[in-house]
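**Q** What follows is a predicted protein model with its sequence.
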Amino acid sequence: MPFRNVKIPLGALPRSQMLRLDLLPCFDAAARTLSFTLAAEELHLTQSAVSRQIQLLEESLGTPLFERHHRALVLTDAGEVMQRATRDALERLRDASARVRPGPRLRQVAMTCTHGFASLWLIPRLARFTASHPQVDVRISASMEIMDLERHRLDMAVRFVPSSIGRGQALFEETVQPLCAPSLLRDKTTPLRQPADLAHHTLLTVEKPTGPALTTDWEPWFQVMGLPDMRMKNTMQFTQYADAVAAAVAGQGVVIGRLPLLQSLVDRKQLVAPFRSGGAATRRGYYVEMAAHAHDNPDALDFANWLRAEAERG
């Protein structure tokens, strides 16, 4: 009589086929940051230790999870599948541990936004919220994926979308213009007096996702400025916009500056606009979308109000 629907106990699997659960937090950090170095800082490990743990996980799965490029990581298709599963599993474990752990009720706000908004606008300001709400745990899921708020147990999202389809409270709309380090303007060998001078400079770009080009790309700005056939000396491409901005601050080239996302860097003179005019509206903006259940969370409502107040301050 044939056996059917026989479940093999986990312990009966060969060790080579057993998933190393202890490696998942390391993979989660590396997948979120797309950087072994940043993951190592977050986990208080060395970069080599993170790299080794990722290698062990890939060996146990029998497939690469990252494409390793010069100064950049990209998730493979298998890596994206594992990232979604890992994120969901870790979030469920965190929620479960909070429910079973004795003590006062966990006060938490969970939100999602783009990597650029998180690193360039939100995180530099976040200390002002935590100072006035020290008992509230703010959880940020930075991703280009449009995450479902109910399914991922998120209170809110800050969506970066065309203004014509924005839902919820608008934080600010976006304009773009070239920005660079002050040292580039002081270099008389390659002056930056008019947009056509960009042809002699390194332009810092961000890899295009599938679909329409985002405003981090240069082509839309060239169209607005009447320079559709502009040719550069060379370009330097990054996976994340924040990395392109860091390269601009370091004087390695000119980046399309998304304002007011980068306004604090401009205010501190870390980045300057080389041209008196040159700003272009993108007709895109950042909108706070609240989950239905968030209206029962007073801390989430406070956080949404704080976001709007910070945007007005800027």
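**A** Received the coordinates, thanks.
**Q** For the chain, give me the ranges with low pLDDT.
**A** Scanning the chain with the threshold set as pLDDT under 70 gives 1-18, 102-105, 209-217.
**Q** buried sites along stretch 301-314?
**A** For stretch 301-314, burial by neighbour count (16 or more other Cβ atoms under 10 Å) applies to 301, 303-304, 306-307, 310-311. Glycine gets a C-beta too; all of them are placed from N, C-alpha and C.
**Q** okay, now the closest residue to residue 179 other than its chain neighbours: neighbour count?
**A** Nearest non-adjacent residue to residue 179, counting by Cβ to Cβ, 6 or more residues apart in numbering: residue 257, 3.4 Å away. Residue 257: 26 surrounding residues under other Cβ atoms under 10 Å.
**Q** Might one say that residue 257 is in contact with residue 272?
**A** No. Counting by Cβ atoms under 8 Å, residue 257 stays clear of residue 272, with 9.6 Å between them.
**Q** Mutual contacts of the two, please.
**A** Both residue 257 and residue 272 are contacted by 179, 266, under the criterion Cβ atoms under 8 Å, 6 or more residues apart in numbering.
**Q** Alpha carbons only: can I get the helix or strand encompassing residue 126 in CSV?
**A** Assigned by DSSP states H and E, residue 126 belongs to helix 123-132. Extracted in CSV, the C-alpha atoms of helix 123-132 (Å, rounded to 0.1, in the frame of the first residue of the first chain):
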residue,chain,number,x,y,z
ILE,A,123,16.0,59.4,10.3
PRO,A,124,17.9,62.7,10.7
ARG,A,125,14.7,64.1,12.3
LEU,A,126,13.5,61.0,14.2
ALA,A,127,15.2,61.9,17.5
ARG,A,128,12.8,64.8,17.9
PHE,A,129,9.9,62.3,18.0
THR,A,130,11.5,59.8,20.2
ALA,A,131,12.5,62.5,22.7
SER,A,132,8.8,63.5,23.1
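**Q** Any buried residues in whichever strand or helix holds residue 52, and which?
**A** Secondary structure assignment for residue 52, by DSSP H and E: helix 47-61. Neighbour counts over helix 47-61 (16+ other Cβ under 10 Å) mark 50-51, 53-54, 57-58, 61 as buried.
**Q** tell me the angle the helix or strand containing residue 300 makes with helix 123-132.
**A** Using DSSP H and E, the element containing residue 300 is helix 298-313. Per axes from the mean of the first three to the mean of the last three Cα atoms, to 10 degrees, the angle that helix 298-313 makes with helix 123-132 is 130 degrees.
**Q** on contacts alone, who are the packing partners of helix 298-313?
**A** strand 108-113, helix 123-132, strand 156-162, strand 169-179, strand 280-290 (3 or more Cβ pairs under 8 Å, 6 or more residues apart in numbering; DSSP states H and E).
**Q** What pairs with the first one, parallel or antiparallel?
**A** Which is strand 108-113. Strand 108-113 has the following strand partners under DSSP bridges: strand 137-142 (parallel), strand 156-162 (parallel).
**Q** Can you name the residues in contact with it?
**A** Outside strand 108-113, the residues within contact range by Cβ under 8 Å, 6+ apart are 98, 122, 136-143, 147, 149, 152-160, 297, 299-300, 303.
**Q** What distance do you get for the nearest residue to residue 66 once chain neighbours are set aside to residue 243?
**A** In space, and not counting its chain neighbours, residue 66 is closest to residue 73: 4.9 Å by Cβ to Cβ, 6+ apart. Look at residue 73 and residue 243: by Cβ to Cβ, to the nearest Å, they are 11 Å apart.
**Q** sorry, back to before: which strands border the helix or strand harbouring the residue nearest to residue 66, and is each parallel or antiparallel?
**A** Assigned by DSSP H and E, residue 73 falls within strand 72-75. The pairing partners recorded for strand 72-75 under DSSP bridges are strand 66-69 (antiparallel).
**Q** which residues touch the partner strand?
**A** Defining contact as Cβ under 8 Å, 6+ apart, one finds that strand 66-69 is touched by 30, 54, 73-76, 79.
**Q** Report the buried residues of that strand.
**A** residue 66.
**Q** Please compute how far the helix holding residue 126 lies from its chain's middle.
**A** 18 Å (Cα atoms, centre = their mean, to the nearest Å).
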